[in-house]
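Engineer: no sequence on hand, only this structure:
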């Protein structure tokens, strides 16, 4: 399928989703996002996400995902859904391609908002939250896994979760490596190369301490419950 066809399909999807938005978002006060830990991006608004892993390195990218997740939950999830999984009220931003044309659509709406028939469907966040927050949220959204991304591994992940939760872990390193392998197979809806999935998070959390086993088990529990 050509890039133009894909691009056109997403544009049509976003247009239909936006015009179907029936509840105003304008009465929600934007919540501040602490972006001090993120690299500076300058004052002029960019048209391409500067916080992708290939541009800023893995550690800074992880921080952008973390901050973006918080910013999204506070300011966007009411309409766009928890974890960016839309219930149909607003566009499902996970499917906005992780390319410059997707970035341009995102940043235009983030900066200026959206009004239909005199009703504010989405407030303008740009002047209030700023560019760093915008791109952090964009980074988080584009790393979200596609629907059903863990279905093929659900049985094994339940087994791993139970082992971790039970506190009887024979080989933490082996479990961590297995979670990393599963993570590598999880695809994003946007086409971004790395999915910030629960398997990815659990693998990062794991160490030789029982406390890390418990935390990883909790992450897997939450993620697996969403696949039921």
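Structural biologist: Good, I have the coordinates. Model, not experiment: these values are computed from the prediction.
Engineer: helix, strand, or coil at residue 31?
Structural biologist: coil (DSSP: H, G, I helix; E, B strand; the rest coil).
Engineer: got it, and the one 4 residues further on?
Structural biologist: Assigned state for residue 35: coil (three-state reduction, three-state DSSP).
Engineer: can you give me phi and psi for it?
Structural biologist: phi -110, psi 20 (degrees, to the nearest 10).
Engineer: quick one, what contacts it?
Structural biologist: Contact analysis of residue 35 by Cβ atoms under 8 Å, 6 or more residues apart in numbering lists 67, 130, 132, 133, 136. (Glycine included, C-beta is placed from N, CA and C.)
Engineer: quick one: low-confidence parts of this structure?
Structural biologist: The model of the chain has pLDDT under 70 over residues 1-28, 226-228.
Engineer: those helices in it, which residues are they?
Structural biologist: Assigned helices in the chain, in chain order: 3-19, 53-56, 58-75, 77-80, 100-112, 126-129, 131-142, 154-166, 172-185, 198-205, 210-225 (criterion: DSSP state H).
Engineer: which one of those helices lies nearest to residue 38?
Structural biologist: helix 131-142 (5.1 Å; Cβ to Cβ).
Engineer: what packs against the closest one?
Structural biologist: The elements that helix 131-142 packs onto, with contact taken as 3 or more Cβ pairs under 8 Å, 6 or more residues apart in numbering; DSSP states H and E, are helix 58-75, helix 100-112.
Engineer: kindly reformat these as a markdown table containing mean neighbour count.
Structural biologist: Output for the helices and strands packed on helix 131-142, formatted as a markdown table (neighbours: other Cβ atoms under 10 Å):
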| stretch | mean neighbour count |
| --- | --- |
| helix 58-75 | 20 |
| helix 100-112 | 18 |
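Engineer: closest to residue 157 out of these?
Structural biologist: Using Cβ to Cβ, the nearest of those to residue 157 is helix 58-75, at 20.8 Å.
Engineer: and that closest one with helix 198-205, angle?
Structural biologist: Put simply, helix 58-75 runs at 120 degrees to helix 198-205, going by axes from the mean of the first three to the mean of the last three Cα atoms, to 10 degrees.
Engineer: which residues sit against helix 58-75?
Structural biologist: Helix 58-75 is contacted by residues 28, 30-31, 33-35, 37-39, 51-53, 56, 80, 82, 84, 125, 129, 133, 135-141, 143, 194, 196 when judged by Cβ under 8 Å, 6+ apart.
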